[in-house]
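Enquirer: just a sequence and a predicted model for now, questions to come.
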Amino acid sequence: MKKLLLVFTGIVLNFSIVNAQFWQEVDFDLMVLTITVNSFTSNCNGYVFAGTEYYGVLTSGDNGNNWSSGSPINDAVNALAVNNNGDVFAGTYWDGIYRSTNNGTSWTQINTGLTTTDIRAITVNSNGDVFAGAANGDIFISTDNGTSWSLSNTGLTSNNVKALTVNLIDDYIFAGTEGGGIFRSVDNGATWTQINTGLTNNNVLSLVINLNGHIFAGTDGGGMFRSTDSGTSWSAINSGLSDLNCFSLVINSNGDIYVGTEYGVSVSSNNGNSWSDENSGMGTQFSTLSLTINSNAYIFAGKCCGQGAYRSINQLPVVQVFNISYTNIFSLNNYPNPFNELTVISYTLKVSGRVSLNIYDMQGQEIRTLVNKKQEVGKHSVVWDGKNDSGKNVGSGIYFYQLIINGIYSETNKCILNARFNHQ
């Protein structure tokens with residue numbers, strides 16, 4: 001049974017799982033000695049995808065314990081991205097882009113409209129538009145789930161697009177390039193503007209955005225940079241960072257930032273203000289090229305030079321704090337509150353994805369699942385009748401309802417049930 005960690009005063013409860021080792025090596029179940037993992041991603045269906053140098057895309061549906069390959073890709077897989085339906089897009093060195101709509105069981109090559117097939121970065125916006133960055137500096141857009149592509153590079157002046165990311169709050173797109181720094185598009189890729197103020201290293205390898213819209217950029221030799229104004233200005237954030245070659249980035253639901261460097265993985269729990277190493281069980285040899293966190297809160301790290309990959313032994317801790325509201329992602333309320341028999345929980349989604357809505361009691365025990373499915377952008381509502389999953393009435397008191405989207409964005413509110421009579 002799931003439990004909700006309750007924090008009543010708005011004080012963040014910091015804790016860590018005591019274990020002498022953070023990482024364990026991933027066994028890919030292949031009869032090969034070495035695997036290089038260039039890219040990682042995970043979808044809302046619970047699958048993890050590893051893009052390799054020689055073995056296409058490997059897939060795991062059980063937190064990395066077992067892996068399979070339905071991939072016909074014989075090329076190095078540089079980039080992976082997923083949309084809100086769980087479809088996976090794979091960008092390769094020479095063969096362009098592949099798509100899987102069945103959790104990696106099979107793949108289709110989708111290159112119609114591409115003028116180059118050396119793809120280095122892929123991202124997807126909240127509307128499902130797919131963007132692909134190429135080694136020659138071009139960016140392509142697909143508005144039909146990859147079936148066709150068109151050039152979208154007006155204003156780009158740099159070669160080799162190394163990183164792409166989207167701010168899901170406003171759908172601004174950011175491109176990290178080799179030598180040209182960072183470009184931003186505010187019109188869905190139609191035009192791009194260079195935004196390098198404060199950026200002292202223009203070789204950008206990785207980009208990620210947190211729930212507050214802060215952008216983090218990893219560079220080749222210049223370490224980490226942060227922008228809190230949508231890319232208008234940047235500042236270096238390298239305190240405690242043991243290496244300045246930042247190949248990959250990922251952020252968990254608490255806002256902790258993980259960066260893959262030449263010597264392993266570093267983490268920041270204070271918005272990048274300081275960093276510490278997280279390499280126990282992995283060591284500091286060989287670069288960490290890729291990172292992802294799956295829907296079950298395990299973090300995966302892909303290594304270069306045939307050194308395979310690692311997964312966290314434990315799930316990353318998740319803390320919910322009631323007075324934090326991600327209103328830029330969705331709104332959440334119920335009426336009436338307090339209620340006697342029925343209450344309507346309403347929410348408006350500003351991004352689509354897999355939604356879960358659960359009821360918890362004062363002890364943090366989950367008592368009712370109201371929603372567990374994919375939903376689109378817009379207004380939604382569901383009725384809670386004061387019963388648990390067994391159909392039995394619950395007693396009067398304070399209850400909590402928690403909405404989670406894509407396993408990342410969450411909000412928790414409370415409601416009060418005054419059960420004046422039994423209603424079976």
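Expert: Looks like it arrived, so ask away. All of these numbers come straight from a predicted model, not from anything done at the bench.
Enquirer: continuing past the host helix or strand of Phe174, what's the next helix or strand?
Expert: Here Phe174 sits within strand 173-177, counting by DSSP states H and E. Using DSSP H and E, the helix or strand that follows strand 173-177 in sequence is strand 181-185.
Enquirer: for Asn273, grab the count of nearby residues.
Expert: Neighbour count for Asn273, taken as other Cβ atoms under 10 Å: 11. From N, CA and C alone the C-beta is placed, and that goes for glycine too.
Enquirer: next: the one 3 residues further on.
Expert: Using other Cβ under 10 Å, Ser276 has 12 other residues around it.
Enquirer: name all residues that make contact with it.
Expert: Residues in contact with Ser276 (Cβ atoms under 8 Å, 6 or more residues apart in numbering) are 240, 266-268.
Enquirer: okay, now the closest residue to Gly104 other than its chain neighbours: neighbour count?
Expert: Excluding the flanking residues, the one nearest Gly104 by Cβ to Cβ, 6 or more residues apart in numbering is Thr59, at 3.4 Å. When neighbours are counted by other Cβ under 10 Å, Thr59 registers 21.
Enquirer: touching, Thr59 and Tyr47? I think so.
Expert: Yes: in this structure, Thr59 is within contact of Tyr47 by Cβ atoms under 8 Å, at 5.8 Å.
Enquirer: quick check: neighbours shared by these two?
Expert: The contact lists of Thr59 and Tyr47 share 103-104, where a contact means Cβ under 8 Å, 6+ apart.
Enquirer: SS state for Asn273?
Expert: Following DSSP: H, G, I helix; E, B strand; the rest coil, Asn273 is assigned to coil.
Enquirer: repeat for Thr197
Expert: Three-state assignment for Thr197 (three-state DSSP): coil.
Enquirer: which residues touch it?
Expert: 232-234.
Enquirer: any idea which of the residues you listed is closest to Ile405?
Expert: Closest approach to Ile405 among the contacts of Thr197 (Cβ to Cβ): Thr232, at 27.7 Å.
Enquirer: so how far is Asp170 from the closest one?
Expert: 14 Å (Cβ to Cβ, to the nearest Å).
Enquirer: repeat for Ser280
Expert: 38 Å.
Enquirer: with Asn74 instead?
Expert: 39 Å.
Enquirer: where in the stretch 301-424 of the chain is pLDDT low?
Expert: 317-330, 352, 406-409, 420-424 (pLDDT under 70).
Enquirer: if we go to 90?
Expert: For the stretch 301-424 of the chain, applying pLDDT under 90 flags the ranges 306, 315-335, 337-342, 347-356, 361-366, 372-379, 395-398, 402-414, 416-424.
Enquirer: quick one: average pLDDT of the helix or strand where Phe247 lies?
Expert: Using DSSP H and E, Phe247 falls within strand 246-251. The pLDDT scores in strand 246-251 average 95.
Enquirer: now do it: which elements does it pack against?
Expert: For strand 246-251, the helices and strands in contact under the criterion 3 or more Cβ pairs under 8 Å, 6 or more residues apart in numbering; DSSP states H and E are strand 204-209, strand 215-219, strand 257-261, strand 288-293.
Enquirer: would you mind writing the CA trace of it as PDB?
Expert: Taking C-alpha atoms only, strand 246-251 is exported to PDB below (Å, rounded to 0.1, in the frame of the first residue of the first chain):
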ATOM      1  CA  CYS A 246      28.800  18.300 -17.800                       C
ATOM      2  CA  PHE A 247      27.500  15.800 -20.300                       C
ATOM      3  CA  SER A 248      24.000  15.100 -19.000                       C
ATOM      4  CA  LEU A 249      21.400  16.500 -16.600                       C
ATOM      5  CA  VAL A 250      18.200  15.300 -14.900                       C
ATOM      6  CA  ILE A 251      16.000  16.700 -12.100                       C
END
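Enquirer: can you list the strands that that strand pairs with?
Expert: Partner strands and pairing direction for strand 246-251 (DSSP bridges) are strand 257-261 (antiparallel).
Enquirer: angle of the strand it pairs with against strand 215-219?
Expert: 10 degrees (axes from the mean of the first three to the mean of the last three Cα atoms, to 10 degrees).
Enquirer: how much distance is there from the next helix or strand after strand 257-261 to the middle of the chain?
Expert: Downstream of strand 257-261, the first helix or strand assigned by DSSP H and E is strand 264-268. From the chain centre to the centre of strand 264-268 is a distance of 17 Å (Cα atoms, centre = their mean, to the nearest Å).
Enquirer: residues in contact with strand 264-268?
Expert: So strand 264-268 is contacted by 237, 240-243, 256-259, 274-279, 282-284, 288, 291, 301 (Cβ under 8 Å, 6+ apart).
Enquirer: again, 6 Å this time
Expert: 241, 256-259, 275, 277-279, 282, 284, 288, 301 (Cβ atoms under 6 Å, 6 or more residues apart in numbering).
Enquirer: and that strand, C-alpha only, in CSV?
Expert: Provided in CSV are the C-alpha atoms of strand 264-268 (Å, rounded to 0.1, in the frame of the first residue of the first chain):
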residue,chain,number,x,y,z
GLY,A,264,30.8,10.3,-12.4
VAL,A,265,27.7,12.0,-11.0
SER,A,266,27.3,15.1,-8.9
VAL,A,267,24.1,16.3,-7.2
SER,A,268,22.7,19.6,-5.9
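Enquirer: now the helix or strand following it: mean pLDDT?
Expert: Sequence-wise, the next helix or strand downstream of strand 264-268 (DSSP H and E) is strand 276-277. Averaged over strand 276-277, pLDDT sits at 95.
Enquirer: cool, stretch 164-177 as well?
Expert: What stretch 164-177 shows for mean pLDDT is 89.
Enquirer: ends of that stretch, what's the gap?
Expert: 9 Å (Cα to Cα, to the nearest Å).
Enquirer: ok, now stretch 122-142?
Expert: 11 Å.
Enquirer: so for that stretch, what gets flagged as buried?
Expert: Within stretch 122-142, the residues that qualify as buried are 122-126, 128-135, 137-142, counting by 16 or more other Cβ atoms under 10 Å.
Enquirer: residues contacting it, please?
Expert: Contacts of stretch 122-142 (Cβ under 6 Å, 6+ apart): 79, 81, 83, 89, 91, 116, 118-121, 143, 146, 149-150, 152-153, 156, 158-161, 164-166, 168, 171, 189, 351.
Enquirer: give the buried subset of the residues you listed as a PyMOL selection command.
Expert: Buried subset of the contacts of stretch 122-142, written as a PyMOL selection, criterion 16+ other Cβ under 10 Å:
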select buried, resi 79+81+83+89+91+116+118+119+120+121+146+149+152+153+156+158+160+161+164+165+166+168+171+189+351
